[in-house]
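> Prediction below, plus the sequence it came from.
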Amino acid sequence: MKYHVGVISGDGIGPEIIREAKKSLDAVASRYGHEFEYEEILMGGVSIDATGYPLTDEAIAAAKAADAVLMGSIGGDAKTSPWYQLPADRRPEAGLLGLRKALGLFANMRPAYLYPELKSACPLRDSVIGEGFDLVIMRELTGGLYFGKRETGEKDGQKYAVDTLEYSEGEIRRIAIKAFEVAMKRRKKVTSVDKANVLDSSRLWRSVVEEVAKDYPEVTLENMLVDNCAMQLVKDPAQFDVILTENMFGDILSDEASMCTGSLGMLSSASLNDTKSGVYEPSGGSAPDIAGKDIANPIATILSAAMMLRYSFDLEEEACAIENAVKKVLEDGYRTGDIMPTTGSTDGLHKVKCSEIGDLIAERI
Ligand code: IPM
Ligand code: MG
């Protein structure tokens, strides 16, 4: 089959990690007889430089027309980059939010799995890690604080700023359904995370999720307050199967979960709507401090490409081939700098560059 893949290389380490993910996709293409046709789509800082805007109508149209979109990362150094002299709605991040909204990508799936080989890169103690963990965060992606009404002004001689956290029943129900569907294919447990002891939006969240749960009698639903969840993630991550949560909580908890897997460079993600298309991107940022040095970890992007094969193209075997190749490379002792053990022995481990680990993974497909 021939697939038309929109590619947003973006800024910072984006072009490097995308280049490595394409190597794996091309290896899949030649082994399984597919064809991936790539179309570069401008978004973020590179789009600002070219057009003055982080996301153009043309880019949205190209993303919509693609069978799926693979994305690197966007954004720069907020202190030094001229992009951050622009008003907030013209900065790189606004492009990403605009794309999520334009494509209706309400469901963001972020799997956090601790590879046994990376236990020594995990900052948690062995007694906490135990047999490891395998969880997935289902983050609502087009509502809440990110898209609520905002305002900055001045009253009584002081500046003030307002952000609004609003959710409708429908917005909660559709992400809850996705989370329960995912749980049905896993260990059948959903932990819905909210702040229902304080927020109205969380009380509505909890009641809608409890309604949806009635349609999934095989799935155990647990409600957890977000502060407790942040604590439980570093106390006993193995208790979680599917974490279902709103946009902002999911943003924060997914960075925390990623660090428990060893590095932000390990966490893949899929942003989905109700069609077969989707945007696949690593959960980490553009890391401008290491951009262009060929030392970034491309594994999250490579695993995101595997998710694209699975969820947008229904290529389960091919997705597994990429995931197994990543596993094999880790078993063979290859590591980018971020996943080298911070303490203890490095015997049998080889520190490699971004482009090298990309080649090693592609070779094993
Ligand atoms: C993420 C990122 C984005 C977010 C930023 C870049 C706007 O942190 O995908 O988690 O907050 O959603
Ligand atoms: Mg984030």
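Sure, I can see it. Ligands and ions are numbered 1, 2, ... in the order given.

> Just the CA trace of the helix or strand of the chain with the lowest mean pLDDT, in CSV.
Taking mean pLDDT, DSSP states H and E as the measure, the helix or strand of the chain with the lowest value is helix 126-129, at a mean of 92. Extracted as CSV, the C-alpha positions of helix 126-129 are listed here (Å, rounded to 0.1, in the frame of the first residue of the first chain):
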residue,chain,number,x,y,z
ASP,A,126,14.7,-0.4,42.6
SER,A,127,12.3,-1.1,45.4
VAL,A,128,9.8,1.3,43.8
ILE,A,129,10.4,0.1,40.3
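
> now check the helix or strand that it is followed by, is it near ligand 1?
Using DSSP states H and E, the next helix or strand after helix 126-129 towards the C-terminus is strand 134-140. No - Strand 134-140 is not in contact with ligand 1 by CB under 6 Å from any ligand atom; minimum separation 8.1 Å. Where C-beta positions appear, they are placed from N, C-alpha and C, glycine not excepted.

> Let me see the mean pLDDT of strand 134-140.
Confidence for strand 134-140, expressed as mean pLDDT, is 98.

> Following element in sequence after that strand, please.
strand 150-155.

> immediately after that following strand, which helix or strand?
Counting by DSSP H and E, the next helix or strand C-terminal to strand 150-155 is strand 158-163.

> Next to ligand 1, which bits of this structure? Give me the list.
Counting by CB under 6 Å from any ligand atom, the residues of the chain near ligand 1 are 75, 93, 96, 251, 283.

> now for the least confident helix or strand of the chain, which elements pack on it?
Using 3 or more CB pairs under 8 Å, 6 or more residues apart in numbering; DSSP states H and E, no helix or strand is in contact with helix 126-129.

> ok, and what's touching that helix?
Residues from elsewhere that reach helix 126-129 (CB atoms under 8 Å, 6 or more residues apart in numbering): 114, 119, 122, 234-237.

> Make a ChimeraX selection of whichever of those residues turn out to be buried.
Buried subset of the contacts of helix 126-129, written as a ChimeraX selection, criterion 16 or more other CB atoms under 10 Å:
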select :114,122,237
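
> Would you enumerate the residues in contact with the closest residue to residue 248 other than its chain neighbours?
Once flanking residues are discounted, residue 248 sits nearest to residue 145: 4.8 Å by CB to CB, 6 or more residues apart in numbering. For residue 145, the contact set (CB under 8 Å, 6+ apart) comprises 163-165, 247-248.

> Looking at the residues you listed, state which has the most neighbours.
Among those, residue 247 has the most neighbours (other CB atoms under 10 Å), with 23 neighbours.

> Now do the strands in this structure.
Secondary structure of the chain, counting by DSSP state E: strands at 2-10, 35-40, 68-73, 107-113, 134-140, 150-155, 158-163, 189-194, 220-225, 242-245, 270-272, 278-280, 334-335, 350-351.
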